[in-house]
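**Student:** can't give you the sequence, but here's the structure:
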């Protein structure tokens, strides 16, 4: 005779609360039988095995809605697809955790360097997180397009660098501008890279040392100054200054722009870059038919437009001529999972809703792919060539 359990007995056996079992019941995941005399819940051995399955799926990170869908599928192909999607999600969470750990490690170094003021430390911590997210985006863009190389080559060409120039890379970071154009560096051109110690800037420094050792780069042609740009006391004279996607990290951009302008030789060029408007426009176009409320995306678009107007106003206040060019690139994604992950990253205002409706969102993207034939996303970046004193 099969044993039966009361709700309290099953909760104790499984190590969960009776409240949890009632939640599973309301979701239709674990339905008890009823005692004919008193209508108390009765759980059979089959219910115990079902609860074990639910707990296993919970351990694997599935939501209750996903568990309900998984257990209702009898075909192995459908379950395999869900498991692979969950594996991808867990790998993403592991990457995020590794990113958070890296941020904490860098914050520890900030503490050791003696940042005592709490406001200054919190600002530094915020910069660490933003820097880490920017680095992650570069890696993602490199995976789905040629943007890191193509963008770096585009910037290099706009600078029109020639032999003997002195160049400043303000906030060099990963150093893509030089990694991808190493073979194009004019002779006797010298580059000073200013940045704070961080994972990618330190990695670029090691890259330079390796290329010097191999004879692929002249000794000292690229040098490093480990400083905070806003705290740097003096700036030498330069023919060209690069400020590549760094503006959002700076508290007082106008003051820094004045210092940059005053550090340029006559007819020198200041090159500043940041993301364009297509990213928000195209995200809204993709999600408009899916979201219950697209207003948060539209608000973000307006905020981004205002930010770009402010950034451009600051440049015009300091430099005599400011010329803007747009660089457009297309990202291509092999799977719906990759496309979904990218959209979650660039659509922060609606990320919570998308995550909550993840299976439904996944199916929506699959349907779009069927009708349009591929997963693509077009985005742009702005480059500003600035010269002269106002």
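**Tutor:** Thanks, I have the structure now. Note that the structure is predicted; figures quoted are calculated from it, not measured.
**Student:** Setting aside sequence neighbours, what's the nearest residue to residue 164?
**Tutor:** For residue 164, ignoring the flanking residues on the chain, the nearest one in space by C-beta to C-beta, 6 or more residues apart in numbering is residue 188 at 4.8 Å. C-betas here are computed from N, CA, C, even on glycine.
**Student:** Against residue 87, how distant is that neighbour?
**Tutor:** Here the criterion is C-beta to C-beta, to the nearest Å. By it, residue 188 lies 52 Å from residue 87.
**Student:** same question, residue 355
**Tutor:** 17 Å.
**Student:** buried sites along the helix or strand encompassing residue 56?
**Tutor:** If you go by DSSP states H and E, residue 56 is part of helix 45-59. Using 16 or more other C-beta atoms under 10 Å as the test for burial, helix 45-59 gives 47, 48, 50, 51, 54, 55, 57.
**Student:** pLDDT weak spots in the stretch 101-250 of the chain?
**Tutor:** Residues of the stretch 101-250 of the chain meeting the criterion pLDDT under 70: 102-104, 106-107, 109-142, 234.
**Student:** all strands for it, in order.
**Tutor:** With strands called from DSSP state E, counting those that start in this stretch, the stretch 101-250 of the chain shows them at 166-170, 190-195, 222-226, 238-244.
**Student:** what would these look like in TSV with mean neighbour count?
**Tutor:** What follows is those, written out as TSV (neighbours: other C-beta atoms under 10 Å):
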stretch	mean neighbour count
strand 166-170	23
strand 190-195	22
strand 222-226	17
strand 238-244	23
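**Student:** Could you provide those strands in a markdown table, with additional columns for distance to residue 374?
**Tutor:** Output for those, formatted as a markdown table (distance: least, C-beta to C-beta, whole Å):
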| stretch | distance to residue 374 |
| --- | --- |
| strand 166-170 | 36 |
| strand 190-195 | 38 |
| strand 222-226 | 39 |
| strand 238-244 | 30 |
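**Student:** With respect to residue 71, which of those lies nearest?
**Tutor:** Checking the strands of the stretch 101-250 of the chain against residue 71 by C-beta to C-beta gives strand 238-244 as the closest, at 50.2 Å.
**Student:** tell me which residues in whatever helix or strand comes next after that closest one are buried?
**Tutor:** Sequence order places helix 253-262 as the next helix or strand after strand 238-244, per DSSP H and E. Within helix 253-262, the residues that count as buried by 16+ other C-beta under 10 Å are 253, 256, 257, 259, 260, 261.
**Student:** Would you mind getting the angle between the very next helix or strand once past helix 253-262 and strand 238-244?
**Tutor:** Downstream of helix 253-262, the next assigned helix or strand under DSSP H and E is strand 264-275. Relative orientation of strand 264-275 and strand 238-244, computed by axes from the mean of the first three to the mean of the last three C-alpha atoms, to 10 degrees: 10 degrees.
**Student:** What average pLDDT does strand 264-275 get?
**Tutor:** Averaged across strand 264-275, the pLDDT comes to 94.
**Student:** re the thing from before, mind giving me the packing neighbours of the helix holding residue 56?
**Tutor:** With contacts taken as 3 or more C-beta pairs under 8 Å, 6 or more residues apart in numbering; DSSP states H and E, helix 45-59 sits against helix 7-14, helix 18-26, helix 64-72.
**Student:** Residue 343: which of those is closest?
**Tutor:** For these, proximity to residue 343 was assessed by C-beta to C-beta; helix 64-72 is nearest, at 18.9 Å.
**Student:** got the angle for that closest one vs helix 45-59?
**Tutor:** 130 degrees.
**Student:** how far does stretch 14-25 sit from the chain's center?
**Tutor:** In terms of C-alpha atoms, centre = their mean, to the nearest Å, the centre of stretch 14-25 is found 37 Å from the chain centre.
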